[in-house]
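Chemist: Make a model of this:
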Amino acid sequence: MIDKLIALDRELFLYLNNLGNENWDALWLMITNKLTFIPLYALLLFLIYKKVGLRPLLMMVLVISAMITFTDQITNVFKDGFMRARPCRADGISDLARFVAERCGKYGFFSGHSSNSMAAAVFGGLVLRPYFKNLIFILLFWSFIVAYSRIYVGVHYPLDIICGMAFGALSGFMFYKLSKYLIKRYLS
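Modeler: From the prediction side, this is the model:
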């Protein structure tokens, strides 16, 4: 069963990765760059400030910092624990795939980009949901695009992406609940 799942994951990776071409490479490299979305994060923080005020925002910044640290470190634990070679390093895959990324890490299960972007999307979407009902759907779509970029550039399998997004969603929800509790307990 696991072998079939891994084989399917590899086939799906090769299909999705090879959909790309040189005309789109620069766009996907920009999307996969961690620094590209700093303006989006700044906008989300500004909207939170405008809707809930400075003190709750400062509490949320602490919670968001803990969330990103937690999500990032657990991702590293999984990568070091599973030691699944990234597609750009895997025998039988690296020769068939398009490797567009600037570098290729050692292990890939599961994707830190996917988990961090999904955590941010879920957290930000839930915090701002009372004020912008459809924002969460836009943020989830953005997270999906960031996640797909990791397949496009050749550094993650689809299963890395799916598991990263699932973990990120859970993390974002947990830290959203934590922020609500802390704000109610210490700022109300």
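Chemist: Going by C-alpha atoms from here, please, whenever you check contacts or count neighbours.
Modeler: Will do.
Chemist: Enumerate every residue touching the residue most central in space within the chain.
Modeler: When Cα atoms, centre = their mean is applied to the chain, the residue found nearest the centroid is S114 (2.3 Å). The contact partners of S114, by Cα atoms under 8 Å, 6 or more residues apart in numbering, come to S143, F144, V146, A147, I161, I162, G164, M165, G168.
Chemist: quick one: pLDDT of it?
Modeler: Note for S114: predicted pLDDT of 96.
Chemist: Relative to N17, how far out is it?
Modeler: 16 Å (Cα to Cα, to the nearest Å).
Chemist: What are the neighbouring residues in contact with I136?
Modeler: Applying Cα under 8 Å, 6+ apart, we find I136 in contact with A121, V122, G124, G125, L126, L128, R129.
Chemist: Mind doing that once more with 10 Å?
Modeler: A121, V122, F123, G124, G125, L126, V127, L128, R129, W142 (Cα atoms under 10 Å, 6 or more residues apart in numbering).
Chemist: Make a ChimeraX selection of whichever of the residues you listed turn out to be buried.
Modeler: Listed next is the ChimeraX selection for buried residues among the contacts of I136, using 16 or more other Cα atoms under 10 Å:
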select :121,122,123,124,125,126,127,128,142
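Chemist: Of the contacts of I136, which is the nearest to K180?
Modeler: V127 (8.8 Å; Cα to Cα).
Chemist: any idea which helix or strand carries the closest one?
Modeler: If you go by DSSP states H and E, V127 is part of helix 112-128.
Chemist: I'd like the next helix or strand past that helix.
Modeler: The first helix or strand that comes after helix 112-128 along the chain, using DSSP H and E, is helix 135-152.
Chemist: between that next one and helix 112-128, how big is the angle?
Modeler: With axes from the mean of the first three to the mean of the last three Cα atoms, to 10 degrees as the basis, helix 135-152 and helix 112-128 are set at 180 degrees to each other.
Chemist: Now helix 135-152: buried residues?
Modeler: 135-136, 139-140, 142-152.
Chemist: How about stretch 18-32?
Modeler: For stretch 18-32, the neighbour count (16+ other Cα under 10 Å) marks N18, G20, D25, W28, L29, I31, T32 as buried.
Chemist: and that stretch, what's its mean pLDDT?
Modeler: Stretch 18-32 carries an average pLDDT of 94.
Chemist: can you check stretch 152-172 too?
Modeler: Confidence for stretch 152-172, expressed as mean pLDDT, is 97.
Chemist: do the same with stretch 82-90
Modeler: Stretch 82-90 comes out at a mean pLDDT of 91.
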